[in-house]
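*Asks:* Next comes the sequence, and after it the predicted model I'd like to discuss.
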2 protein chains.
Amino acid sequence: MPHVYVEDISKHEGQEVTLKGWVYNRTDKGKLRFLMLRDGSGLIQAVVFQKAVAPDVFTAADTVTQESSVIVTGKVRADQRAPGGYELDVTNLEVLQQADAYPITPKEHGTAFLMENRHLWLRSSRQHAALRVRSEIIKGCRDFFDDRGFVLVDTPIITPAACEGTTTLFELDYFGEKAFLTQSGQLYNEADCMAFGKVYCFGPTFRAEKSKTRRHLMEFWMIEPEVAFADLDDIMRLAEDLISYLVARVLEKRGEELKRLERNTALLENVRPPFPRISYHEAFDILEKEGTETARGADLGAPDETILSSRYDKPLMVHRYPKDVKAFYMQPDPQNPDVALCVDVLAPEGYGEIIGGSQRIHDHDLLLKRIKEHNLPIEAFQWYLDIRKYGTVPHSGFGMGIERVVAWICGLEHVRETIPFPRMLYKIYP
Amino acid sequence: MPHVYVEDISKHEGQEVTLKGWVYNRTDKGKLRFLMLRDGSGLIQAVVFQKAVAPDVFTAADTVTQESSVIVTGKVRADQRAPGGYELDVTNLEVLQQADAYPITPKEHGTAFLMENRHLWLRSSRQHAALRVRSEIIKGCRDFFDDRGFVLVDTPIITPAACEGTTTLFELDYFGEKAFLTQSGQLYNEADCMAFGKVYCFGPTFRAEKSKTRRHLMEFWMIEPEVAFADLDDIMRLAEDLISYLVARVLEKRGEELKRLERNTALLENVRPPFPRISYHEAFDILEKEGTETARGADLGAPDETILSSRYDKPLMVHRYPKDVKAFYMQPDPQNPDVALCVDVLAPEGYGEIIGGSQRIHDHDLLLKRIKEHNLPIEAFQWYLDIRKYGTVPHSGFGMGIERVVAWICGLEHVRETIPFPRMLYKIYP
């Protein structure tokens, strides 16, 4: 009997097949036992009719518990009323293990309890759906850049120097030397794009911030493209294309999962280029009318971002922030050197910043001056300065945080559900 | 004038195009200046003929230095003698930056010097080729699993407990709690495969080993599939298929790079299933005849692996090691409980172990016993034990270290050239 997966069940209509999986739940009705089976690829209802099976098989079906592991053989029958369009008429059922009383029942549980049982919570239908969407988004990111001739270049996780100060870095001892977990692969990417033209890195990044918000994790994944000879406009278009591509791809390939997450997909259908673009100062004209408490010249707060993004049904690109609130490596605008050639992309529906990017300083002396102004250790940045000595060119890039994109596209309340084992403040179990 | 990349040049034969890149080297011959240009996607020769260009353009071509950044316009001409099949007849040349005297010249340099200048060394033709192959292998791994219905599930980097003891772990302070950088995503993967059926993780892993060999890095990338309901034979076939697929893909898509690396591709053409399989004890029969110093019952040393793998022209699968030299979670062989249902895959040509895998213990009580025997903290493994309480099933998986696979397929001497910025003993700059 061939072992098949639920996602391939339509290819086996009318055939007898074997499924291997777990009992998601059980309903009893007279001489029928309905077992909802999950095998990781999907859900299907298996129908056990007392007269169609051996007595011990019916007894097994009658007593099998939630999350017991089973091997089920039966005939695939199309049924328009079934969620996936098919049901299984069971001919045999083997219970591999009768599960202990499963801690996560259909009733409501508190978040702390569910997080303690994250290793089991992953089996629940909503969590399962969100993580399938995550997997699709990651694949989509990689395909997007690979298909455009970008070279994947993995940047290091253990780094000697900090991109933007050391207060929010996890420190570790590297054979007697002080080292940090990376916050961004950008600086390395800049060297890489001078070797490969168009590159991206995609790995875990870390922030030791003592914050407990629904938008923050200590460990999160970030994709960072960097393009030689590209200016701010170029990477704004790239960011817009990437986001639009990802949303379209998830709508096309993970519609079933979005439905299970009860996502309002009409809001996602709007996400097509061009995205609205406003400068920081234009944004402030709006915010001042709305009575923001932030002073013009300061960085935008989360409430400001929500005010701005709620005015649009697409992601909003805010560009040209004051240089003093942004990182040292950003290229000043030749039209107004007080602002940087940078962009933040704010997701709709209050999901906050999902992309931050900029054109980078390509002039050696200006970069050196900035490094000094920021009291950064010049020796540690020598290699970074080198890039400006040997064939420097204008170049730009951005970073996109995967978990916030997943939260937004899935319509999740909190980023903790966007990654299998979230790392949060004081929380690393399991 | 359209900006094109060298890798797309064949589509523009006879057209005038603009290339943006760097001068890889320059040759002067009478009224001709030959500029070898690189733009990250490839190399092309640009020919500057004195009579065909303005005097200042010729002067620029006559004085431009290695690694200067340039924008070159010219007509694409097919030339069978040219390495990529095309040359560019230059009509204009703009030098964006005349580079300082470039530290890496065509003469020989010592490895220490090249590693100090890794950010520039990446631009060299061999390094460039090896990292393009790396990128192809990684994409190949992901496609292989994605196309077979595996779900990518990112496992955490910061972990509370250790898979195999804490002596080779990097430790860090996680808001007052002791934590470690992951050595493997396997334990988490085991929970994931009970939710998703077939999963893989693919991320950086860390080993704080004070070893300085050509096969070791402190930070390396590992892909780890884990499959519910799979036994040792299943994952041996999976490993064999993966490796064969990767080799075939690199031969097909990165032939140019393998040529630049002077790789003997005839040796790679052999890599097709089935791979030879021998048990640990069969391996020892061979090793004893060859006069190994290792005692039967101990783990194989690197010289043993070289003796064994040199007898075959394909990767060799050595299975069923004594359980005492392997990890606590491995399923004992029902035929002989002293050996574990595990496999190591040894690459040909002395490249050592590239895959390690096993069937995992699925019985709760046996696993608990092993955890106690290994003096591991039971509380930290409570969630891991849970997997055996709620619908446990036989399951198996393996881990493949990317850098060793890249070293082998490229035929490189040392793994330090398989990753952009290697992390080695006492070495984290740049």
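*Replies:* Happy to help now that I have it.
*Asks:* all contacts plus neighbour counts: C-alpha atoms, from now on.
*Replies:* Noted.
*Asks:* What is the strand ranked longest in chain A packed up against?
*Replies:* Using DSSP state E, we find that the single longest strand of chain A is strand A:16-29. Other elements packing on strand A:16-29 under the criterion 3 or more CA pairs under 8 Å, 6 or more residues apart in numbering or on different chains; DSSP states H and E are strand A:32-38, strand A:69-78.
*Asks:* for residue A:8, helix, strand, or coil?
*Replies:* Using DSSP: H, G, I helix; E, B strand; the rest coil, the structure places residue A:8 in helix.
*Asks:* From chain B, how far out is it?
*Replies:* Plainly put, residue A:8 is 10 Å away from chain B if you go by CA to the nearest CA, to the nearest Å.
*Asks:* so which strand or helix has residue A:45?
*Replies:* Assessed by DSSP states H and E, residue A:45 sits inside strand A:43-49.
*Asks:* Can that strand be said to contact chain B?
*Replies:* No. Judged by CA under 8 Å from any CA of the partner chain, strand A:43-49 and chain B are separated, with a smallest distance of 11.2 Å.
*Asks:* what's next to that strand, contact-wise?
*Replies:* If you take CA atoms under 8 Å, 6 or more residues apart in numbering or on different chains as the criterion, strand A:43-49 is touched by A:6, A:31-38, A:58, A:61, A:82-84, A:86-91.
*Asks:* I'd say residue A:223 and residue A:400 touch.
*Replies:* Yes. Using CA atoms under 8 Å, residue A:223 makes contact with residue A:400 at a distance of 5.4 Å.
*Asks:* Direction-wise, compare the longest strand of chain A with strand A:43-49 and give the angle.
*Replies:* Between strand A:16-29 and strand A:43-49, the angle comes out at 80 degrees (axes from the mean of the first three to the mean of the last three CA atoms, to 10 degrees).
*Asks:* can you state the direction angle for strand A:16-29 and strand A:69-78?
*Replies:* Angle between the axes of strand A:16-29 and strand A:69-78 is 100 degrees (criterion: the same axes, to 10 degrees).
*Asks:* pLDDT (mean, whole number) over strand A:16-29?
*Replies:* Per-region confidence: strand A:16-29 scores 97 on mean pLDDT.
*Asks:* picking that back up, tell me which of the helices and strands packed on strand A:16-29 lies nearest to chain B.
*Replies:* Closest to chain B of these is strand A:69-78 (CA to the nearest CA; 4.2 Å).
*Asks:* Which neighbours in the sheet does that closest one have, and how are they oriented?
*Replies:* Strands that pair with strand A:69-78, judged by DSSP bridges, come out as strand A:16-29 (antiparallel), strand A:86-97 (antiparallel).
*Asks:* was I right about residue A:42 contacting residue A:9?
*Replies:* No. Between residue A:42 and residue A:9 there is no contact under CA under 8 Å: 9.6 Å.
*Asks:* and these two? which has more neighbours close in?
*Replies:* Ranked by neighbour count (other CA atoms under 10 Å in any protein chain shown), residue A:42 and residue A:9 place residue A:9 first, with 22 against 19.
*Asks:* which ones are touching that one?
*Replies:* Contacts of residue A:9 (CA under 8 Å, 6+ apart): A:76, A:86.
*Asks:* helix/strand/coil for residue A:238?
*Replies:* Classification of residue A:238 using three-state DSSP returns helix.
*Asks:* quick one: it and residue A:276, what's the gap?
*Replies:* Distance of residue A:238 to residue A:276, computed by CA to CA, to the nearest Å: 14 Å.
*Asks:* Could you do residue A:389 as well?
*Replies:* Shown here: residue A:389 relative to residue A:276, a distance of 37 Å by CA to CA.
*Asks:* Between the two, point out the one with more neighbours.
*Replies:* Per other CA under 10 Å, whichever of residue A:389 and residue A:276 has more neighbours is residue A:389, with 21 against 14.
*Asks:* quick one: that one is in a strand?
*Replies:* No. Under three-state DSSP, residue A:389 falls outside any strand and is assigned coil.
*Asks:* what's the pLDDT at it?
*Replies:* With respect to pLDDT, residue A:389 scores 97.
*Asks:* Please look at it and residue B:99 and confirm they touch.
*Replies:* Yes. In this structure residue A:389 lies within contact range of residue B:99 using CA under 8 Å: 6.0 Å.
*Asks:* Name the helix or strand for the closest residue to chain B within the stretch 201-350 of chain A, please.
*Replies:* In the stretch 201-350 of chain A, the residue that lies nearest chain B is residue A:203 (7.0 Å; CA to the nearest CA). Using DSSP H and E, residue A:203 falls within strand A:198-206.
*Asks:* The next helix or strand after that strand: which residues count as buried?
*Replies:* On the C-terminal side of strand A:198-206, the nearest following helix or strand under DSSP H and E is strand A:219-228. Neighbour counts over strand A:219-228 (16 or more other CA atoms under 10 Å in any protein chain shown) mark A:219, A:220, A:221, A:222, A:223, A:224, A:225, A:226, A:227, A:228 as buried.
*Asks:* Just the angle for the longest strand of chain A relative to strand B:219-228, thanks.
*Replies:* Counting by the same axes, to 10 degrees, strand A:16-29 lies at 70 degrees to strand B:219-228.
*Asks:* who's in contact with strand A:16-29?
*Replies:* A:1-6, A:33-40, A:62, A:64-76, B:197, B:229, B:391.
*Asks:* how deep is the closest residue to residue A:177 other than its chain neighbours tucked in, by neighbour count?
*Replies:* Spatial nearest neighbour of residue A:177, excluding adjacent residues (CA to CA, 6 or more residues apart in numbering or on different chains): residue B:426 at 7.8 Å. Residues near residue B:426, counting by other CA under 10 Å, number 13.
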